[in-house]
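Undergrad: Structural data only, the sequence is not supplied:
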Ligand SMILES: Cc1cc2nc3c(=O)[nH]c(=O)nc-3n(C[C@H](O)[C@H](O)[C@H](O)COP(=O)(O)OP(=O)(O)OC[C@H]3O[C@@H](n4cnc5c(N)ncnc54)[C@H](O)[C@@H]3O)c2cc1C
C-alpha cells in the first residue's frame, strides 16, 4: 500500500437530498469570502514580504487572525458546516491570495485537525481539536507528521514505530518525521506510525502527542525556496510515551481493523491517506489563491507598462497569455469546487476527483506565476515586486500532499481499475 493506492474506503453513497451548489454564491458565502479578503488585503499582504525574508512563523498575524475569529476551531467548524462544501475553498483562496507563507501558518493546523476529525472518537475530537488552536490570547498551532526521510510519496515506507506497553497502557513512539509543517513548534502533533510493519500502510495508525510530551523534539528547521513564513522541520520521536487514549479511533477499532487485514480482508481507510484525500481540494484552493494574485497583478501591470509607445497588453502575445491565465485559473477553481462539494456531500471520488482538483490547481499556479514573472519582465524577477515570491510559493503545490505524478497515478488507477505503476 502506498500513497498511490486508490482502494480507500469510500464515503457512503450520496444522500437522496444532496444539497446542490450554485455558481451564484449564497449571501453567507459572499460575506465570509469578503471578510477573509479584507483580512488578506489589509493585514496579510502588506506583511508578506517581511515574513518571507525573516523566514519565521508570523505569530502576531496568527494571533490577529484568532482575534477576529478566523483562526479557531469554531470558525473552521462554521466553514465546514456549509452544506455545499464551498466555504472552505472560498476562505482558503482568499487567504492565500493575500500570502501563501502566512496563509499556511494560519491553515497548517488544519491538516492535524482533519486527521483528528476524520479518525478520532467524539471524545478525542472534543478534547484535542480546541487544543490545536489555543485561545485568541494564547494561540497554538498543530502539526500532522506522516512523511519521513525515506517515506514521502511512498507512505507505506513509514518506519516510525508505535509499540503498546501492556504494563502501563501507553504507546511508545520511536522514529523520525521529515518536513513537518509546524513540526516541533506545535502543541499538538499527530504522528503516523506503524504498529505492524508487515502490513505496509494498512498497519499504520495515527497518534496524538500532547503538548510537552518528553521524547518529542524538533530537528533541523528547513530553509525553503518558498512558503518561507511557514515553519517546516524534522521531528524526532525517542521513546516518546503517550497515553493509550492518544491512539486516534481507539485500540479496539485498531485491533479489529488489523485482524481483518491479517485475514486478507480489505483494510479500511489508512491513517495518512484518509487525511490527504479529504484535504486535497482545500489545498488546491490555496494554489488558486496564489495564481489569482499573480494573474491580477500581471493584468494591471500589462495595462500600465508601455513599450514601443503603447501598453504591453496591446500585444496579443501578452493579452493572450493573460487570457490563458484567467481561463486556466477558472477551470482549476471549478474542479476544486466540484471536489469540495462531492467530499462534503458524501459522493465517492470514483474518478479521483479530489486528486484531479489538486493536480490541476498546483500545476496552474506554478505555470501562471511563471507567466506573471515573464509579463513583468526584469521587474518580475526582482524582490521589489511580489510575483517572484508567488512563483516560489506556488511550486510546493506540485510537491506536497502528493506530487503531480502521484495525483496522476491515483487518477489513472481510478479511471482504469488497473494497478498502474
Ligand atoms: C514545505 C513542505 C511542507 C510539508 N509539510 C508536510 C506535513 O505537514 N506533513 C507531512 O507529513 N509531510 C509534509 N511534507 C512532505 C511532502 O508531503 C513530501 O515532500 C511529498 O509527499 C513528496 O515526497 P518526497 O519529498 O519524499 O519526494 P519523493 O517521493 O522522493 O519523490 C521525488 C520525485 O519522484 C517522483 N515519484 C515518486 N514516486 C513516483 C512514482 N511511483 N511514479 C512517478 N513518479 C514518482 C515524485 O513525483 C517526485 O517528482 C512537506 C514538504 C514540504 C517541502
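TA: All right, it came through fine. Bear in mind that the values here come from a model prediction, so they are computed numbers and not experimental data.

Undergrad: Pull the contacting residues for whichever residue of the stretch 151-300 of the chain sits closest to the ligand.
TA: For the stretch 151-300 of the chain, the residue positioned closest to the ligand under Cβ to the nearest ligand atom is residue 152, at a distance of 1.7 Å. Just so you know, the C-beta spots here come from the backbone N, C-alpha and C atoms, and that holds for glycine as well. Counting by Cβ atoms under 8 Å, 6 or more residues apart in numbering, residue 152 makes contact with 178, 179.

Undergrad: at 6 Å instead, please
TA: Residue 152 makes no contacts at all, as judged by Cβ atoms under 6 Å, 6 or more residues apart in numbering.

Undergrad: what do you get for residue 188?
TA: Contact criterion Cβ under 6 Å, 6+ apart gives 128, 131, 132, 142 as the residues in contact with residue 188.

Undergrad: other SSEs contacting the helix or strand harbouring the first one?
TA: In this structure, residue 128 is located in helix 122-133 according to DSSP states H and E. In terms of contact count using 3 or more Cβ pairs under 6 Å, 6 or more residues apart in numbering; DSSP states H and E, helix 122-133 is assigned the packing partners helix 73-81, helix 109-119, strand 188-194.

Undergrad: ok, then the element right after it?
TA: Downstream of helix 122-133, the first helix or strand assigned by DSSP H and E is strand 142-145.

Undergrad: avg pLDDT for that next one?
TA: In this model, strand 142-145 carries a mean pLDDT of 98.

Undergrad: picking up where we left off before, most packed of the helices and strands packed on helix 122-133?
TA: The highest mean neighbour count among these, using mean count of other Cβ atoms under 10 Å, belongs to strand 188-194: a mean of 28.

Undergrad: How far off centre is it?
TA: Strand 188-194 has its average C-alpha position 16 Å from the chain's average C-alpha position, going by Cα atoms, centre = their mean, to the nearest Å.

Undergrad: what's the angle from it to helix 122-133?
TA: Put simply, strand 188-194 runs at 120 degrees to helix 122-133, going by axes from the mean of the first three to the mean of the last three Cα atoms, to 10 degrees.

Undergrad: what angle separates strand 188-194 from helix 109-119?
TA: When the same axes, to 10 degrees is applied, the directions of strand 188-194 and helix 109-119 differ by 60 degrees.

Undergrad: Strand 188-194 and the ligand, are they touching?
TA: No - applying Cβ under 6 Å from any ligand atom, one finds strand 188-194 out of contact with the ligand, separated by at least 7.3 Å.

Undergrad: helices or strands up against the next helix-or-strand element following that strand?
TA: Going down the chain from strand 188-194, the next helix or strand is strand 204-209, by DSSP H and E. For strand 204-209, the elements it packs on are strand 188-194, helix 271-304, judged by 3+ Cβ pairs under 6 Å, 6+ apart.
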